[in-house]
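Peer 1: for reference, the sequence and a predicted model appear below.
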Amino acid sequence: MSETWNNRTKLVHGGTRRSQYNEVSEAIFLTQGFVYDSAEQAEARFLETGPDEFIYARYGNPTVAMFEERIALLEGAEDAFATASGMAAVSGALTSLLKAGDHVVSAKALFGSCLYILENVLARFGVEVTFVDGTDLDQWRAALRPDTKAVFFESMSNPTLEVIDITAVAALAHEVGATVVVDNVFSTPVFSKAIAQGADVVVYSATKHIDGQGRVLGGVVLGTKDYIRGTLEPYMKHTGGSLSPFNAWTLLKGLETIDLRVRAQAESALLIAQAFADHAALERTIYPGLATHAQHALVQSQLGGNGGTVLSLDLKGGKAAAFRFLNALTIPVISNNLGDAKSIATHPATTTHQRLPDDQKTALGITPGLVRFSVGLEDSADLIADLKQALAAAQG
Ligand SMILES: Cc1ncc(COP(=O)(O)O)c(C=O)c1O
């Protein structure tokens, strides 16, 4: 059945529920609630909700359920819960699991909002967090303790594209009984096999590649049925981070094309990274698909050699050069999303990672000259030509 389909078939047909009208394109059930045939039926449904029964859109909705089933099939997860944004997914995945007195080990190379949750929110509720260099297994080994309840990391970090060994970190974490929560956005649902590689819980900002066309916010948490329905769902449905049916529909349609889009974007990203690997205007070209990447061997074993859709260029000349470069681009837009059909250039030090103190930015490699470049679906030769002229402009 659908579990044995290959990914492209799962992405087009997985999870489809047809109404009595037998529509081809999935319906948007833009309703906050559902009508019961009788008071008895309402009572029964609140006691126990069956797989094709719904109560209230904060608890579940048929369009949202289609999205959850389709992404769970792709990821090879038992179940999924869709959320209002990627951050609702990250915060829900962690806070539903943790209580005061628990200990968490987290990689320190994190997106600013993820860091805020780990550093500020969890601390306020009495959860202790130890930060480690995620690429150093000795640091994970030293930080894990018998009371470590969860570990958290971005499998490919934003924006310096460090790749973390999911299998090895999961093996260490499981020795102390910790739950492994992986933010998998940069690895993408197309290239990642995080659950098969040992992750217990995988989170995505669906705002990125899953939508892939810059339209809606969304997120998803994937894991075992026990965790999703027993731990996460009660927390999410009572705290209000559920996904809207309209956004779920947009994301469902995004899934139909994600495999084609992400593979095309990654192909262009590799061509661009190769074209600029030794450019005189650059201190460094970071792309996990390049043989020069620090975790290149891991990219082969963990991601089948796929370096993803984002590269980071560290310009000589710091912020001034980076700004000259950004302002000279004619095709990519200056913005802060990624995974979009449109190429997007971002200056992390002054935008997505602005609130980090300078010493933390330096420690994480977020230099004043660093530009994150999310490769879109434009023609790669056009992008290379545009980047070339913008780098010339950056050199002033
Ligand atoms: C690694 C990572 N995690 C989580 C998020 C948050 O996603 P959202 O903006 O959908 O809340 C982002 C981007 O914004 C991200 O880059």
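Peer 2: Received it, and whenever you're ready, just let me know what you need.

Peer 1: ok, which stretches of the stretch 201-350 of the chain are strands?
Peer 2: 201-205, 219-223, 282-286, 310-315, 333-334, 344-346 (DSSP state E, counting those that start in this stretch).

Peer 1: would you list the ones you listed in TSV and tack on mean neighbour count, distance to residue 88 and mean pLDDT?
Peer 2: C-betas here are computed from N, CA, C, even on glycine. TSV is the format used below for the strands of the stretch 201-350 of the chain (neighbours: other C-beta atoms under 10 Å; distance: least, C-beta to C-beta, whole Å; pLDDT from 0 to 100):
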stretch	mean neighbour count	distance to residue 88	mean pLDDT
strand 201-205	29	10	98
strand 219-223	29	5	98
strand 282-286	19	29	97
strand 310-315	25	22	98
strand 333-334	15	25	98
strand 344-346	23	22	98
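
Peer 1: for residue 275, find the nearest of the ones you listed.
Peer 2: Smallest distance to residue 275 across the strands of the stretch 201-350 of the chain (C-beta to C-beta): 9.3 Å, for strand 282-286.

Peer 1: who touches the closest one?
Peer 2: 160-161, 273, 276-279, 293, 311-316, 367, 369, 391 (C-beta atoms under 8 Å, 6 or more residues apart in numbering).

Peer 1: near the ligand, which residues of the stretch 51-200 of the chain show up?
Peer 2: 85, 86, 87, 90, 111, 113, 114, 154, 158, 183, 185 (C-beta under 6 Å from any ligand atom).

Peer 1: out of those residues, which are buried?
Peer 2: For those, a burial check counting by 16 or more other C-beta atoms under 10 Å picks out 85, 86, 87, 90, 111, 113, 114, 154, 158, 183, 185.

Peer 1: helices - which of the contacts of strand 282-286 land there?
Peer 2: 273, 391 (DSSP state H).

Peer 1: of the contacts of strand 282-286, buried ones?
Peer 2: Looks like those have 160-161, 273, 276, 279, 293, 311-316, 367, 369, 391 buried, using 16+ other C-beta under 10 Å.

Peer 1: tell me which element the closest residue in space to residue 249 that isn't next to it in sequence is part of?
Peer 2: Distances taken as C-beta to C-beta, 6 or more residues apart in numbering place residue 28 nearest to residue 249, at 4.3 Å, with adjacent residues excluded. Counting by DSSP states H and E, no helix or strand carries residue 28.

Peer 1: for residue 28, give its distance to the ligand.
Peer 2: 20 Å (C-beta to the nearest ligand atom, to the nearest Å).

Peer 1: where does this protein dip in pLDDT?
Peer 2: By pLDDT under 70, the low-scoring segments of the chain are 1.

Peer 1: and the closest residue to the ligand within the stretch 151-300 of the chain, bridged to which residues?
Peer 2: Nearest to the ligand, among the residues of the stretch 151-300 of the chain, is residue 205, at 3.0 Å (C-beta to the nearest ligand atom). Residue 205 has these beta-bridge partners by DSSP bridges: residue 219.

Peer 1: ok, the residue in the stretch 251-396 of the chain positioned nearest to the ligand - how many residues close by?
Peer 2: Residue of the stretch 251-396 of the chain nearest the ligand, by C-beta to the nearest ligand atom: residue 338 (6.6 Å). Residue 338: 27 surrounding residues under other C-beta atoms under 10 Å.

Peer 1: how about the nearest residue to it, chain neighbours excluded?
Peer 2: Nearest to residue 338 is residue 374, by C-beta to C-beta, 6+ apart, at 3.7 Å.

Peer 1: for that neighbour, phi and psi?
Peer 2: Backbone torsions of residue 374, given as degrees, to the nearest 10, read phi -90, psi 120.
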